[in-house]
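K.L.:
Task: produce atomic coordinates for the following.
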Amino acid sequence: MTHMFIFRGETLTAGQSFPRPREGISCHFFSGMARTWKRKPGSRVYGAYTSETLKAALDDIKSGHMSLTKASVHHKISKGTLFNKMKQKHMYSVGRPLVFSSEEEEAMIEHMTTVAEWGFSFDSLDLRFLAKHLLDKQGRRVKQFGVDNMPSADWANNLA
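P.N.:
I've put the predicted structure just below:
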């Protein structure tokens, strides 16, 4: 895998020298891997508690050992979060719904494994075509995949 750098609009491969970036000049490193989201430093913290801490806080409130406010301070979980969990509000998963069910993804992975065992190569482009075929066969259109209903390379890299 070759690593590439983007510096002032120029693409340089690993090993090439480039000037040291000054303050305010952007220099990005791409390793050919899929993008991963990272929280910006100083941004608002969501869900900075474990499921065990949340369960302990809810147990303390339900048993009457602590009030909602005291449990919030003691377990360092926002009062709104504890209230919503107690009343079972906002229980949906966060983010965009998944395109394929876990059974469909498992079937695609099993298909890739079988084809590889037969000695044929199966790369991410083949996986994208497989997903497109499955969507087209089911008559489903996914807006994020564009007009041709073809999943992106990032989607393929994040599947496995």
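K.L.:
Do you have the helices of the protein handy? List them.
P.N.:
51-63, 68-75, 79-86, 102-117, 124-138, 153-159 (DSSP state H).
K.L.:
Could you dump those helices into CSV with mean neighbour count, distance to F145 and mean pLDDT added?
P.N.:
C-beta coordinates here come from the backbone N, C-alpha and C atoms, glycine included. Converted to CSV, the helices of the chain look like this (neighbours: other CB atoms under 10 Å; distance: least, CB to CB, whole Å; pLDDT from 0 to 100):
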stretch, mean neighbour count, distance to F145, mean pLDDT
helix 51-63, 14, 33, 93
helix 68-75, 15, 41, 94
helix 79-86, 15, 33, 92
helix 102-117, 12, 15, 89
helix 124-138, 15, 8, 92
helix 153-159, 16, 8, 84
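K.L.:
Take those helices and lay them out in JSON lines including distance to S93.
P.N.:
Compiled in JSON lines, these are given as follows (distance: least, CB to CB, whole Å):
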{"stretch": "helix 51-63", "distance to S93": "14"}
{"stretch": "helix 68-75", "distance to S93": "22"}
{"stretch": "helix 79-86", "distance to S93": "14"}
{"stretch": "helix 102-117", "distance to S93": "13"}
{"stretch": "helix 124-138", "distance to S93": "21"}
{"stretch": "helix 153-159", "distance to S93": "17"}
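K.L.:
Would you tell me which of those gets closest to V147?
P.N.:
The closest of those to V147 is helix 124-138. By CB to CB, the value is 11.8 Å.
K.L.:
Give me the residues contacting the closest one.
P.N.:
By CB atoms under 8 Å, 6 or more residues apart in numbering, the residues outside helix 124-138 that reach it are 99-100, 104, 108, 111-112, 141-142, 145, 148-153, 155-157, 159.
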